[in-house]
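structure for the following, please:
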Amino acid sequence: MADAALRLKTLLEQLLGAPLPVRIRAWDGSQAGPPDAPALVVRNRRAVRRLLFKPGELGLARAWVAGDLDIDGDFYTALDLISGLVWERGEDPRSTVAALRDPDVRAAVRGLLKLGRLPLPPAPPPEEVRRRRGRLHTRRSDKRAVSHHYDVGNDFYEIVLGPSMVYSCAYWESPDATLEDAQRDKLDLVCRKLALTPGQRLLDVGCGWGSLAIHAAREHGAQVVGITLSQEQAAYARKRVAEEGLTDRIEIRVQDYRDVTDGPFDAISSIGMAEHVGAERYLEYTRDLYALLAPGGRLLNHQIARRPQHDESAYRLDGFIDAYVFPDGELAPLGTTVTQLERAGFEVRDVESIREHYALTLRRWVAGLEADWAHAMKLAGPGRARVWRLYMAACALAFERNRIGVNQVLAVRTPESGASGMPLRARTWN
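Numbers count the residues shown, from 1 in each chain. Below you'll find the predicted structure:
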């Protein structure tokens, strides 16, 4: 009799100590759980083995990327229901050891071992980053991490990001606006906050595929230096710059921010870059940007922020994102970012939270990926496409639920005279 789903549901509930909010559909065709809920499709016994050998988020992620797990029903609803059981519990080894002292938990583990028919742990999917020893956030390790994330193929990113090729939070006038309009409005918002005027020099740190550089040069007359560690991004950006006829105003470099020596610049944009820098390097980063700015120059730092913890030393990188999306990426609380900017010498003049805007952006990216799913899998491979679908949808929910945020911080290298160059009323409120 086909009963794998019921057995799996019973054992998982016993292990987790809570009822499963989703339905289980197993490899033998059996189903168990709430009939109206989305279904977690367990395609084979290998999925069970992955969860046993790596309990929690990473085990689920490996099973998802490998295609051993799938979701039938509303994707966002399923992720939201599962996150309450898995993502919010963390993966502290000490809690796992403590749980295994419980006789019911040990019995559930033995039942799952039998159900999974364990011989050896399955190998991680090839999309998972293979860890190297050594210090984080050196020039070499940062280049390797950026290559893993961005050198997936420009054609794949065109599917996800759309014609704007902007890989950061858009700025929405309304939820009904087009993604292209919202991204254009974001680029112009950055340029207006920097108060760019014709002939001013802008350094765009982490310039991506060149969208901000092109907008700043074409619409505001700036002279732009854009830097990235991705060879594929740089080649794409240079092609776009040439097609726009802006080669006399824009230079795209494959260069580490620590190697930029041709300041001063009148303005610096850091859009979605600081998340790659790392906590131990962040003060160095802000000091480097401060040194590259002319007195009175402005920095616009656009950065994802996490919520502060009671014990900041307990912060750990997200297992799935670190292994499959942003190797070595770190999020900091907004207050920490502001403090480090001030320690570097900046005067912070404005902070704008645009958290809801990122949720809208991510849902549009997911929709773009799903609309051209077969082509995306052909370009990047099924595993990589599944990584991006899960990553973007889960992040959309995290922004919607206020688990993470994103902020634009405007800072000035205010000269000794104290003349910041800022208007008395920087912005108006509705």
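
how much space between Thr414 and Ala18?
Separation of Thr414 from Ala18 (CB to CB, to the nearest Å) stands at 53 Å. Just so you know, the C-beta spots here come from the backbone N, C-alpha and C atoms, and that holds for glycine as well.

between the two, which has more neighbouring residues?
Thr414 (19 against 12; other CB atoms under 10 Å).

leaving out chain neighbours, which residue sits closest to that one?
Nearest residue to Thr414, sequence neighbours excluded (CB to CB, 6 or more residues apart in numbering): Glu347, at 4.3 Å.

tell me how far the nearest residue to Asp204 once chain neighbours are set aside lies from His220.
Leaving aside its chain neighbours, Asp204 sits nearest to Gly226 (4.3 Å; criterion: CB to CB, 6+ apart). Using CB to CB, we find Gly226 at a distance of 14 Å from His220.

show me the contacts for Ala37.
Ala37 makes contact with 21-23, 73, 77-78, 81 under the criterion CB atoms under 8 Å, 6 or more residues apart in numbering.

and what about it, helix, strand or coil?
Per DSSP: H, G, I helix; E, B strand; the rest coil, the secondary structure class of Ala37 is coil.

now do the phi/psi pair for it.
Backbone torsions for Ala37, taken as degrees, to the nearest 10, come to phi -90, psi 160.

related to what we said a few turns ago, and Gly226 and His220? Which one has more around it.
Under the criterion of other CB under 10 Å, the comparison of Gly226 against His220 puts Gly226 first, with 30 against 20.

can I get the host helix or strand of that one in CSV, CA atoms only?
For Gly226, the element it lies in under DSSP states H and E is strand 223-228. Presented in CSV, the C-alpha positions along strand 223-228 are these (Å, rounded to 0.1, in the frame of the first residue of the first chain):
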residue,chain,number,x,y,z
GLN,A,223,31.6,61.6,-16.6
VAL,A,224,31.3,58.1,-15.2
VAL,A,225,33.8,55.4,-14.1
GLY,A,226,32.0,52.1,-13.5
ILE,A,227,33.9,49.3,-11.8
THR,A,228,32.9,45.6,-11.5
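
which strands or helices does it pack on?
For strand 223-228, the elements it packs on are strand 201-205, helix 211-220, helix 231-243, strand 250-254, judged by 3 or more CB pairs under 8 Å, 6 or more residues apart in numbering; DSSP states H and E.

re the thing from before, got JSON lines for the contacts of Ala37, with neighbour count too?
As requested, these are arranged in JSON lines below (neighbours: other CB atoms under 10 Å):
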{"residue": "Pro21", "neighbour count": "17"}
{"residue": "Val22", "neighbour count": "21"}
{"residue": "Arg23", "neighbour count": "21"}
{"residue": "Gly73", "neighbour count": "15"}
{"residue": "Thr77", "neighbour count": "15"}
{"residue": "Ala78", "neighbour count": "21"}
{"residue": "Leu81", "neighbour count": "17"}
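
save those residues as CSV, and put in distance to Trp209, secondary structure and pLDDT too.
Listed next are the contacts of Ala37 as CSV, based on distance: CB to CB, whole Å; DSSP: H, G, I helix; E, B strand; the rest coil; pLDDT from 0 to 100:
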residue, distance to Trp209, secondary structure, pLDDT
Pro21, 39, coil, 91
Val22, 37, coil, 94
Arg23, 41, strand, 95
Gly73, 34, coil, 95
Thr77, 33, helix, 96
Ala78, 32, helix, 95
Leu81, 35, helix, 91
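
quick one: which of the residues you listed is nearest Phe399?
Thr77 (16.4 Å; CB to CB).

how about the contacts made by the closest one?
Counted by CB under 8 Å, 6+ apart, Thr77 has contacts 37-38.

pretty sure Pro327 contacts Val129?
Yes: at 4.7 Å, Pro327 counts as touching Val129 under the criterion of CB atoms under 8 Å.

in terms of neighbours, single out the busier of the two.
More crowded of Pro327 and Val129, by other CB under 10 Å: Pro327, with 24 against 17.

quick one, grab the pLDDT at the more buried one.
Note for Pro327: predicted pLDDT of 81.

part of a strand, is it?
No: Pro327: not assigned to a strand; according to three-state DSSP it is coil.

what about Glu180, helix or strand, and which?
helix 179-193.

what does that helix contact?
Applying CB under 8 Å, 6+ apart, the set of residues contacting helix 179-193 is 162-164, 166, 168-173, 177, 211-212, 215-216, 219-220, 222, 269, 271, 298, 300, 302, 350, 357, 360-361, 364, 368, 408, 410.

what helix or strand is His357 on?
helix 355-371.

for whatever helix or strand comes next after that helix, which helices and strands make contact with it?
Using DSSP H and E, the helix or strand that follows helix 355-371 in sequence is helix 373-380. The helices and strands touching helix 373-380, judged by 3+ CB pairs under 8 Å, 6+ apart, are helix 154-161, helix 382-400.

I'd say Ala376 and Val387 touch.
No: counting by CB under 8 Å, Ala376 does not reach Val387; the two are 11.1 Å apart.

between the helices and strands packed on strand 223-228, which gets nearest to Trp64?
Among the helices and strands packed on strand 223-228, if distance is taken as CB to CB, the winner is helix 231-243, at 25.7 Å.

list the buried residues in that closest one.
232-234, 236-238, 240-241 (16 or more other CB atoms under 10 Å).

hmm, who's touching it?
The set of residues external to helix 231-243 that reach it, using CB under 8 Å, 6+ apart, is 147, 150-151, 153-154, 165, 207-210, 213-214, 226, 228, 247, 250, 252-254.

how about the CA coordinates for that helix, as CSV?
Output of helix 231-243 as CSV, limited to C-alpha atoms (Å, rounded to 0.1, in the frame of the first residue of the first chain):
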residue,chain,number,x,y,z
GLN,A,231,34.2,40.0,-16.8
GLU,A,232,30.8,39.2,-18.3
GLN,A,233,29.2,42.3,-16.8
ALA,A,234,32.0,44.5,-18.0
ALA,A,235,31.8,43.2,-21.6
TYR,A,236,28.0,43.7,-21.6
ALA,A,237,28.2,47.2,-20.2
ARG,A,238,30.9,48.3,-22.6
LYS,A,239,28.8,47.1,-25.5
ARG,A,240,25.8,49.0,-24.3
VAL,A,241,27.9,52.1,-23.7
ALA,A,242,29.2,51.9,-27.3
GLU,A,243,25.7,51.4,-28.7
